[in-house]
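Novice: predicted model and sequence follow; I will ask about them next.
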Amino acid sequence: MQTYPLQSITLEEAMQFQFRMIDCITKEFKGSEILTRGDLGVVPGINKPQTTLKAEKAIANFFGAEAAILVRGSGTGAIRYALFSTMHANDTLLIHKAPVYSTTTTTISMLGLQTIEADFNDLEDIKKVMKEHPEIKGALVQYTRQSMDDRYNMEEVVQTIKGCKDIPIVTDDNYAVMKVKKIGSQCGADLACFSTFKLLGPEGIGCIVGKKAYIDILVKEHYSGGSQTQGWEALDVLHGLVYAPVSLAIQAMVNEELVERLCVKKEVEGIADAFLANAQSKVLLVEFEEPIAKEVLKYAEELGALRNPVGAESKYEMCPLFYRVSGTFRAKDPTLDDRMIRINPNRTGADTIIRILTESMKKVKACSLKK
């Protein structure tokens, strides 16, 4: 099966990300401020904690953006707020011709947006759709793959849309930030959105990076104290952004090793194929020769594997995740539910994953023989 996973940054590049993030932090914070839990509430004049404002400036600087804002609702909330600031009810939004992530579908419905699809894998189709539908007022581009055959380049898609019409473009950067060289705003999009929980940060905090004009709209709307990201949460966001790049680069290296050992060296019998895909995070997809996926997942959990994600690469997910393939992939091919699983190493080494996989498959076989 052919997939087109995103190109991960190297360990050396991840180290440079870490160093640059610290450099940006030191330009906004005193050393004594970093060793606190920050301030709280709505500070007069800025209407948010000083710590949060400084964290947002450090994040914007890291990504080379005009502004950044931390919002509640994780990645979903960030996308929802970004579309709110760039679109109006009944406006038409350009989206990719593929299964849409469920929470994004809800957001589109909540905001009363109309949608037009184009195949982002085909730049000529984007131009054709844009020409045929002058009513398109904005675009949403998901960085990671919505279908197994997705292969589009974020920067090319953004530049193609902008070349047709200068409309606001929002990118869903979940599962890509700190793994790839550029996020959506660095590729020319107006706003890039992601969950900090997926980057070893606190629960429930999303981030929007990009054009100040759109972010200013959100700053104005976030006037209540309960809407604010508090100082301690903002500091936890920075902690995650510092440690995530190297951690995720090691995870990518483990994934590459697993493909070599499972697909090339054939270390585990009964596996038809093993390959990498962004579904949604970059994971190892394992296809079995027999329809045993659900049984393997049952035994893998007993052997220490996580059976469900918390934040998909959150700070809580140390052990490997053995999980069903994503909903968007299953929508494209329902048979995958019985013959394929996804494995996210998280902080685990390849040996542990191969052990759990091997023992799980042996337990399935033993149970089948008893029947």
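Specialist: Sure, I can see it. Residues are numbered from 1 along each chain as shown.
Novice: by residue count, what's the longest helix in the protein?
Specialist: helix 231-259 (DSSP state H).
Novice: got the buried residues for that one?
Specialist: The neighbour-count check on helix 231-259 (16 or more other C-beta atoms under 10 Å) flags 231-249, 251-255, 257-259 as buried. Any C-beta I mention is one placed from the backbone N, CA and C, and that applies to glycine too.
Novice: what does stretch 283-300 give?
Specialist: For stretch 283-300, the neighbour count (16+ other C-beta under 10 Å) marks 283-288, 292-293, 295-297, 299-300 as buried.
Novice: number of residues surrounding residue 223?
Specialist: Using other C-beta atoms under 10 Å, residue 223 has 11 neighbouring residues.
Novice: name the nearest residue to it, ignoring sequence neighbours.
Specialist: residue 47 (6.0 Å; C-beta to C-beta, 6 or more residues apart in numbering).
Novice: now do the same contact list for that neighbour.
Specialist: Contacts were defined as C-beta atoms under 8 Å, 6 or more residues apart in numbering; by that measure residue 47 touches 219, 222, 223, 228.
Novice: how about a cut-off of 10 Å?
Specialist: Neighbouring residues of residue 47 by C-beta atoms under 10 Å, 6 or more residues apart in numbering: 41, 53, 219, 220, 222, 223, 224, 225, 227, 228.
Novice: kindly report the same for residue 19.
Specialist: Residues near residue 19 by C-beta under 10 Å, 6+ apart: 242, 245.
Novice: mind starting the numbering at 33 from now?
Specialist: Taking 33 as the first residue, the last one we looked at is residue 51.
Novice: secondary structure class of it, three-state.
Specialist: For residue 51, the assignment made with DSSP: H, G, I helix; E, B strand; the rest coil gives helix.
Novice: dig out what residue 314 forms beta bridges with.
Specialist: residue 310 (DSSP bridges).
Novice: contacting residues for it?
Specialist: Listed by C-beta under 10 Å, 6+ apart, the contact set of residue 314 reads 37-40, 176-177, 207-208, 211-212, 280, 283-284, 287, 308, 345, 376.
Novice: how close does it get to residue 278?
Specialist: 16 Å (C-beta to C-beta, to the nearest Å).
Novice: now residue 183
Specialist: Going from residue 183 to residue 278 by C-beta to C-beta gives 28 Å.
Novice: same check on residue 145?
Specialist: Taking C-beta to C-beta as the measure, residue 145 falls 38 Å from residue 278.
Novice: about what we covered before: among the contacts of residue 314, which lie within strands?
Specialist: Among those, the ones falling in strands (DSSP state E) are 308, 376.
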